[in-house]
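Novice: model this:
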Amino acid sequence: QVRLVESGGGLVQPGGSLSLSCAASGSFLQINDMAWYLQAPGKERELVAIISRDGTTNYGDSVKGRFTISRDHAKSTMYLQMSSLQPEDAAVYYCSAFIVTQEASGPAMKEYWGQGTQVTVTG
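Specialist: Okay, here's the model as predicted:
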């Protein structure tokens with residue numbers, strides 16, 4: 001069974017930095033696009049950053065220049081380095097990945113989600 005597990009959330013002061021990780025586990029053939037989303041209380045989930053299999057990246061306007069997304073294919077892991085954090089960055093951060101698995105009918109791609117990790121910016 002494929003799982004995505006986030007780690008690295010926590011409490012940070014405004015202007016501080018935090019790094020998140022998202023590791024994929026289980027049996028799969030390939031991981032395609034991976035992305036980070038955030039969801040603040042009472043708001044819809046929004047895209048933070050996305051990275052393709054070949055390393056092409058795109059960022060939400062609010063995080064450009066402050067956040068960096070990266071991935072390590074060998075470790076099946078994606079990262080989000082966050083700097084200059086502000087109170088408005090506080091949210092639950094989720095990772096998403098489009099993962100190809102071998103099914104009885106052949107390869108199949110599906111989007112998987114992690115359980116989320118809380119980022120709190122206060123102080």
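
Novice: quick check: longest strand of this protein.
Specialist: Across the chain, the strand with the greatest residue count (assigned by DSSP state E) is strand 91-103.

Novice: from residue 88, how far out is residue 76?
Specialist: Noted for residue 76: a distance of 31 Å to residue 88, by Cβ to Cβ, to the nearest Å. The C-beta positions use only the backbone N, C-alpha and C, and glycine is treated the same way.

Novice: more neighbours: the two, which one.
Specialist: Neighbour count, other Cβ atoms under 10 Å: between residue 76 and residue 88, residue 76 has more, with 19 against 10.

Novice: next, the distance between the ends of stretch 69-85.
Specialist: From its first residue to its last, stretch 69-85 covers 15 Å (Cα to Cα, to the nearest Å).

Novice: quick one: contacts of that stretch?
Specialist: With contact meaning Cβ atoms under 8 Å, 6 or more residues apart in numbering, stretch 69-85 is reached by 12, 14-25, 31, 34, 36, 48-51, 55, 57, 59, 63, 66-68, 89, 93, 95, 97, 119, 121.
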